[in-house]
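**Student:** take this sequence and fold it.
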Amino acid sequence: MINIKKATIFLLIMCAIGCKQNKEPVLGVTEFQKQMNADFKDATKSPLKEKDRMDFKGLDFFKFDSTYVVTAKFVRTPDEKPFKMKTTTDRLPNYVKYGEVEFQLDGKSHRLNIYQNLDIIKDEGYEDYLFLPFLDGTNGEGSYAGGRYVEARIPEGDSIIIDFNSAYNPYCAYNDKYSCPIVPRENYVDAPVKAGVKAFGKH
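**Tutor:** Numbering: from 1, shown residues only. Got it, this is the predicted structure:
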């Protein structure tokens, strides 16, 4: 009887510890930040190496700034030919330049190419998915040196909202086992984009 009581007490203690751990708040100010941190903690989703994930508390983000939520002019480029995008490995995924986005930032006009992954659009829910890789003035000085990515959806009209606060690093910034698209040099924003995810491990 004593052993049963001890076992019950032990289980209650373990449950209390487990429940406390599960209730640890996910760090982040915005929903994007909270979701990123939740995914990076999740072993089934995280790109982190196991040793990094075990000690992971949260990613570093630039402070949310509405300045970096821009309404850009969207120009469709329908006659582009598909191409093989270079990556950090020998993998060459199929992309096509879908259009161009023009916007004002830091008192300057910028124009970037926006792409469509011809493989991903075959998946349900990604039919209108657009990919905007970019370089900017913070690369190597607070953000990942190789540039970052922003996701978007095909707009109905000739304008598109681009939220650089949702800019994230390629997975190969965390783990070299991944194959990541290399940001085309022409997609350089000639200004510091102090928004989105910072370089991993930089404080």
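
**Student:** any idea of the pLDDT on residue 195?
**Tutor:** The model reports residue 195 with a pLDDT of 98.

**Student:** tell me the secondary structure for it?
**Tutor:** Under DSSP: H, G, I helix; E, B strand; the rest coil, residue 195 falls in the coil class.

**Student:** just checking, it touches residue 65?
**Tutor:** Yes. Counting by Cβ atoms under 8 Å, residue 65 is a contact partner of residue 195 at 5.7 Å. The C-beta positions use only the backbone N, C-alpha and C, and glycine is treated the same way.

**Student:** neighbour-wise, which of these two wins?
**Tutor:** residue 195 (25 against 12; other Cβ atoms under 10 Å).

**Student:** partner strands of the longest strand anywhere in the chain, with direction?
**Tutor:** Secondary structure of the chain per DSSP state E: the longest strand is strand 94-105. Paired strands of strand 94-105, with direction, are strand 69-76 (antiparallel), strand 83-84 (antiparallel), strand 108-117 (antiparallel) (DSSP bridges).

**Student:** quick one, helices of this protein?
**Tutor:** Counting by DSSP state H, the chain has helices at residues 2-22, 31-41, 50-54.

**Student:** which residues touch residue 37?
**Tutor:** Counting by Cβ atoms under 8 Å, 6 or more residues apart in numbering, residue 37 makes contact with 26-28, 58-59.

**Student:** just the buried members of these?
**Tutor:** 28, 59 (16 or more other Cβ atoms under 10 Å).
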